[in-house]
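*Asks:* quick one: sequence and predicted model below, then my questions.
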Amino acid sequence: MKKTWRLLWIVCIVWLTGCGAEYSCLDPISPDVLSQNVYDDLRHEWDAWNSFSLEKKALSSYSPGFCQRSFDDWAEGEAFLGFSLLNPLEESAWLEQATYVAMPVGFRDAPRVKASWYGTEDGHVEWISVQGGYRSGDIRVTINGMVYGDPADAKPSDSGWSVELERQNYLAGLDDDPLQISSDRTDNYYSNTVYRAYGAILYCVRVTGDPDAQSQVERTLEQVLSDFSDSFAQEL
């Protein structure tokens, strides 16, 4: 297993410069780059919450300030949000496009790409998450690109939002390894999960297969990371 991770590290040497001298790691995204669409949806969510009676608020599971949108492809999501999140998997010739949870397109009418974000009532966006999915045979690949509106040290470590917790966990291990890879095996699946920051974006890529598909999962992950390495090299 250690040999496999070392090979993946070599494959992605260009990606490893993502938080190097040219880039500050996970700096807040400027509010000016976000489209008006983001702020309009945020305002709508808070207006809906404020229209509730006190009794309805007390009984409701509604999360004010939490917004979601579905898209037919990654580019449509970028256009709506107003900024670019590099994703070489979207145009990959060896991957089949899937729903955002990597099930076949059309499965339970799930969207191809899903964006979520949270903001305060005064219009400040705290984070944005964009998710997409792909398949290689029976192997499932998901990608999540996350950006943040505040510095990490300005947020509590016990934030209730998983998107913020993922940033905190990633930064806690940044000095040890900027390419953080973990594996997980259950009776139902085997998976590898990678976290890697590139500039302001924290990427999470997860490759999943059947419990006996470890070698296929690891080969797929190596190919995925190679695609990212090539794309980041073109950006530098």
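*Replies:* Looks like it came in fine.

*Asks:* check which helices and strands the longest strand anywhere in the chain sits against.
*Replies:* The single longest strand within the chain, with elements called by DSSP state E, is strand 125-136. Judged by 3 or more C-beta pairs under 8 Å, 6 or more residues apart in numbering; DSSP states H and E, strand 125-136 is in contact with helix 36-50, helix 74-81, strand 96-98, strand 113-119, strand 139-148, helix 162-172. Yep, even glycine has a C-beta here, placed from its N, CA and C like the rest.

*Asks:* how far off centre is it?
*Replies:* Chain-centre distance of strand 125-136: 4 Å, with C-alpha atoms, centre = their mean, to the nearest Å.

*Asks:* sheet partners, orientation included, of it?
*Replies:* If you go by DSSP bridges, strand 125-136 pairs up with strand 96-98 (antiparallel), strand 113-119 (antiparallel), strand 139-148 (antiparallel).

*Asks:* picking that back up, what's the closest of the helices and strands packed on strand 125-136 to residue 229?
*Replies:* strand 139-148 (14.6 Å; C-beta to C-beta).

*Asks:* what average pLDDT does that closest one get?
*Replies:* Across strand 139-148, the average pLDDT comes to 98.

*Asks:* please apply the same query to stretch 102-112.
*Replies:* The average pLDDT within stretch 102-112 is 95.

*Asks:* equivalent analysis for stretch 167-179, please.
*Replies:* 86.

*Asks:* and what of stretch 212-230?
*Replies:* 94.

*Asks:* got the CA positions of that stretch in PDB?
*Replies:* Below are the C-alpha coordinates for stretch 212-230, written out as PDB (Å, rounded to 0.1, in the frame of the first residue of the first chain):
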ATOM      1  CA  ASP A 212     -12.800  -7.100  -3.900                       C
ATOM      2  CA  ALA A 213     -11.900  -4.400  -6.400                       C
ATOM      3  CA  GLN A 214      -9.000  -2.800  -4.600                       C
ATOM      4  CA  SER A 215      -6.600  -3.100  -7.500                       C
ATOM      5  CA  GLN A 216      -9.100  -1.500  -9.900                       C
ATOM      6  CA  VAL A 217      -9.900   1.300  -7.500                       C
ATOM      7  CA  GLU A 218      -6.200   2.100  -7.000                       C
ATOM      8  CA  ARG A 219      -5.500   2.000 -10.800                       C
ATOM      9  CA  THR A 220      -8.400   4.300 -11.400                       C
ATOM     10  CA  LEU A 221      -7.200   6.700  -8.800                       C
ATOM     11  CA  GLU A 222      -3.800   6.800 -10.300                       C
ATOM     12  CA  GLN A 223      -5.300   7.600 -13.700                       C
ATOM     13  CA  VAL A 224      -7.500  10.300 -12.100                       C
ATOM     14  CA  LEU A 225      -4.600  12.000 -10.400                       C
ATOM     15  CA  SER A 226      -2.600  11.800 -13.600                       C
ATOM     16  CA  ASP A 227      -5.400  13.700 -15.400                       C
ATOM     17  CA  PHE A 228      -5.300  16.400 -12.700                       C
ATOM     18  CA  SER A 229      -1.500  16.600 -12.800                       C
ATOM     19  CA  ASP A 230      -1.600  17.200 -16.600                       C
END
